[in-house]
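*Asks:* Pasting the sequence and the predicted coordinates here, then a few questions.
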Amino acid sequence: MYSETPFDLDAMAREVVDGQNFATIKWSMGFCDFWGSISSPIIAGILSVATGETVTVEQLEYAGEKIWNILRLFNLRAGLTRADDYLPAKQLKQQLQKGMHAGRVFAPEDFDKCLDLYYQKRGWDKNGVPTPEKLAQLGLDQF
């Protein structure tokens, strides 16, 4: 789903977090990114039938967030930093060509603000490192 307000940085950061969390669940189930009709309620239903136990959308969202944080910890230990979270310079200078936002640019300073918001929504510090509180919330405080 795409925002009706693509230059609302707070909304953009929230949509990225939600999209990433959902993607980890989808990938964990082996579903293709191009299967557009799959959703969290459908996956919860499939898992409930397959396991014989009720699986909720909330449980899936929690699992997705946990998986994404494990991925982040792996990447941090591999040496990635905030600098690796930036888009290529070309994408931050090129004007949109079509639509109601034609001529607008997602400027580097906007991206930097959005990245700060994204980290905040993830429960990470300003460098993109999950906080001890976030890790404890997700049961990952041993990492």
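*Replies:* Yes, it's here. Numbers count the residues shown, from 1 in each chain.

*Asks:* in terms of contact, does Ile25 touch Lys66 like I think?
*Replies:* No - contact criterion Cβ atoms under 8 Å: Ile25 and Lys66 do not qualify, at 10.4 Å. Backbone N, C-alpha and C define where each C-beta goes, glycine included.

*Asks:* who has more neighbours, these two?
*Replies:* Ile25 (23 against 17; other Cβ atoms under 10 Å).

*Asks:* quick one: the more buried one is in a strand?
*Replies:* No - read with DSSP: H, G, I helix; E, B strand; the rest coil, Ile25 is helix and lies in no strand.

*Asks:* Now it: closest residue in space, sequence neighbours ignored.
*Replies:* Once flanking residues are discounted, Ile25 sits nearest to Gly64: 4.6 Å by Cβ to Cβ, 6 or more residues apart in numbering.

*Asks:* quick check, that neighbour in a helix?
*Replies:* Yes - judged by three-state DSSP, Gly64 forms part of a helix.

*Asks:* show me the contacts for it.
*Replies:* Gln20, Asn21, Phe22, Ala23, Thr24, Ile25 (Cβ atoms under 8 Å, 6 or more residues apart in numbering).

*Asks:* what's the burial count for the fifth one?
*Replies:* For Thr24, the tally of surrounding residues (other Cβ under 10 Å) stands at 20.
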